[in-house]
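Undergrad: What follows is a predicted protein model with its sequence.
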Amino acid sequence: MNIRNTTDRYGILSIWIHWLMLLLLVAVYACIELHEFFPKGSDLRATLKTWHFMLGLSILVLALIRLVVHLTDIIPRIDPDPPKWQKQSAKLVHVALYALMIVMPLAGWLLLSAEGKPIPFFGQHLPALIGKSKYLADWIEEIHETVGTIGYFLIGLHATAAIYHHYFVRDNTLRRMLPNQD
């Protein structure tokens with residue numbers, strides 16, 4: 001398998017970034033959802049929140065790498081060629097997913113900054129992006145949570161479209177992104 005994309009399928013670099021991003025997204029969402037099951041002030045609740053922050057920032061790093069790879073590589077064709085409205089819908093969802101993967105970690109970083117909390121990143125503490133402000137923290141938190149909820153929908157829509165194309169349209173949309181399909 002090629003490291004870079006071909007006209008027929010994604011290369012191993014794009015495939016691994018895609019599936020690693022999925023794992024990170026699942027972990028980020030799991031950490032923030034599971035932390036609610038533990039009492040405030042408990043070590044496990046704090047640990048899950050810390051992992052949520054660190055994995056979220058990892059998504060930011062990987063999303064930027066992924067964006068560079070996407071912009072500098074070819075996009076494999078879908079066979080048979082889908083209608084124009086499906087192509088446009090797919091582009092819109094992909095743009096929204098990239099926005100989610102970039103904006104959400106930045107919003108989390110801004111939120112911690114506005115709360116005056118440290119920004120953990122695997123043993124390091126990143127600098128605050130803005131000064132402490134309860135008003136901004138509340139506003140950013142509301143946006144972060146709302147966009148996080150929208151993220152569930154976008155990820156579900158993306159996965160549903162891939163399954164629909166694979167099992168109903170029977171095109172190569174999903175197969176292009178699966179490893180070991182040669």
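TA: Good, I have the coordinates.
Undergrad: Could you count how many residues lie near the residue nearest to residue 24 when sequence neighbours are not counted?
TA: Excluding its sequence neighbours, the residue lying closest to residue 24 (Cβ to Cβ, 6 or more residues apart in numbering) is residue 59, at 5.1 Å. Backbone N, C-alpha and C define where each C-beta goes, glycine included. Neighbour count of residue 59, defined by other Cβ atoms under 10 Å: 23.
Undergrad: Correct me if wrong, but residue 59 is in a helix.
TA: Yes. Read with DSSP: H, G, I helix; E, B strand; the rest coil, residue 59 is one of the residues of a helix.
Undergrad: Surely it is in contact with residue 103?
TA: No. The criterion here is Cβ atoms under 8 Å, and residue 59 misses it with residue 103 at 10.7 Å.
Undergrad: Buried ones in stretch 112-126, by neighbour count?
TA: Along stretch 112-126, these residues count as buried under the neighbour rule (16 or more other Cβ atoms under 10 Å): 112-115, 119-121.
Undergrad: chain center to that stretch, what's the gap?
TA: 20 Å (Cα atoms, centre = their mean, to the nearest Å).
Undergrad: And it, end to end?
TA: Terminal residues of stretch 112-126 lie 10 Å apart, using Cα to Cα, to the nearest Å.
Undergrad: quick revisit: what about the residue nearest to residue 24, distance to residue 67?
TA: 12 Å (Cβ to Cβ, to the nearest Å).
Undergrad: Residue 28 now?
TA: For residue 28, the distance to residue 67 (Cβ to Cβ) stands at 18 Å.
Undergrad: Grab the most central residue of this structure for me.
TA: Nearest residue to the geometric centre of the chain (Cα atoms, centre = their mean): residue 101, 4.0 Å.
Undergrad: wait, that residue sits on residue 60?
TA: Yes. Using Cβ under 8 Å, residue 101 makes contact with residue 60 at a distance of 7.2 Å.
Undergrad: got the contact list for residue 134?
TA: Each residue near residue 134 by Cβ atoms under 8 Å, 6 or more residues apart in numbering is listed here: residue 114.
Undergrad: Against residue 112, how distant is it?
TA: 13 Å.
Undergrad: okay, and the common contacts of those two?
TA: With Cβ under 8 Å, 6+ apart as the test, residue 134 and residue 112 reach no residue in common.
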